[in-house]
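In: Kindly generate the corresponding structure for this input.
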Amino acid sequence: MRSAQTVLLSLGLTLLLVSVFGCSTSPSASSGQTQSSPAPAPSPLNITINDLKKLRWIEGTWRGTGVVQGPFLERYKFENDSSLVMEEIADESLSKVNSTTRYELKDGRFGTDSAVATALDDTSVTFSPVDPRRNSFRFQSDSKDSWTAILTLPARGTTPAKETIYKLERVK
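Out: So this is what the prediction gives:
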């Protein structure tokens, strides 16, 4: 029998993956239920290189925590005027990168293949999914050494929309 801690860790990691990558909203063949169509995603914001300067507060290495997950490490850095790279860091040594996500400005749109910025100001950026069945997320600066990531899962069938919040603190 698995320990309660192992079960909670597995549940936390599963919820994180669902929050980050979304899940299918196709109707269940076994239940015969259909799900409502998702709302259309907000329109991408037209962004310039100058606008991206507002996002420089996110540069650095961060330790994140959330209710359903243990601590994690991420590093954000601008490679150039139009590309922000996010690295998921393996451990406290900060020497191994598990995965990399690139946010790029192309043709006035800033984002990844799966999400595009729909709002940007001096203290926050909001990304909406290209596929409206997936989650949106907002990065909100709290101070020079902390920020909040808010992931919003869309409503699915009878399940209401849900927010998952992560707090990130600068690693000194």
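
In: Does anything pack onto the helix or strand harbouring residue 169? Which helices or strands?
Out: Taking DSSP states H and E as the definition, one finds residue 169 inside strand 162-170. When contacts are defined as 3 or more C-beta pairs under 8 Å, 6 or more residues apart in numbering; DSSP states H and E, strand 162-170 packs onto helix 4-21, strand 60-66, strand 146-153. Using the backbone N, CA and C atoms, a C-beta is placed for each residue, glycine as well.

In: Identify the residue spatially nearest to the residue positioned nearest the centre of the chain, adjacent ones excluded.
Out: Centroid check for the chain by C-alpha atoms, centre = their mean gives residue 137 as the closest residue, at 5.0 Å. Spatial nearest neighbour of residue 137, excluding adjacent residues (C-beta to C-beta, 6 or more residues apart in numbering): residue 151 at 4.7 Å.

In: so is the residue nearest to the centre of the chain in a helix, a strand, or just coil?
Out: Per DSSP: H, G, I helix; E, B strand; the rest coil, the local secondary structure of residue 137 is strand.

In: between the strand holding residue 169 and strand 146-153, how big is the angle?
Out: 160 degrees (axes from the mean of the first three to the mean of the last three C-alpha atoms, to 10 degrees).

In: by how many degrees do strand 162-170 and strand 60-66 diverge?
Out: Going by the same axes, to 10 degrees, strand 162-170 makes 140 degrees with strand 60-66.

In: Would you mind pulling the contact partners of strand 162-170?
Out: With contact meaning C-beta atoms under 8 Å, 6 or more residues apart in numbering, strand 162-170 is reached by 15-16, 19, 60-69, 74, 144-153.

In: what about that strand, average pLDDT?
Out: For strand 162-170, the mean per-residue pLDDT is 96.

In: who's in contact with residue 50?
Out: Counting by C-beta under 8 Å, 6+ apart, there are no residues that residue 50 touches.

In: element containing it?
Out: With DSSP H and E as the test, residue 50 turns up in helix 49-52.

In: Flag every buried residue along that helix.
Out: 51-52 (16 or more other C-beta atoms under 10 Å).

In: Then stretch 116-135?
Out: 116-118, 120, 124-129, 132-135.

In: for stretch 44-63, same thing?
Out: Buried, per 16+ other C-beta under 10 Å, within stretch 44-63: 44-45, 47, 51-52, 54-55, 57-58, 60-62.
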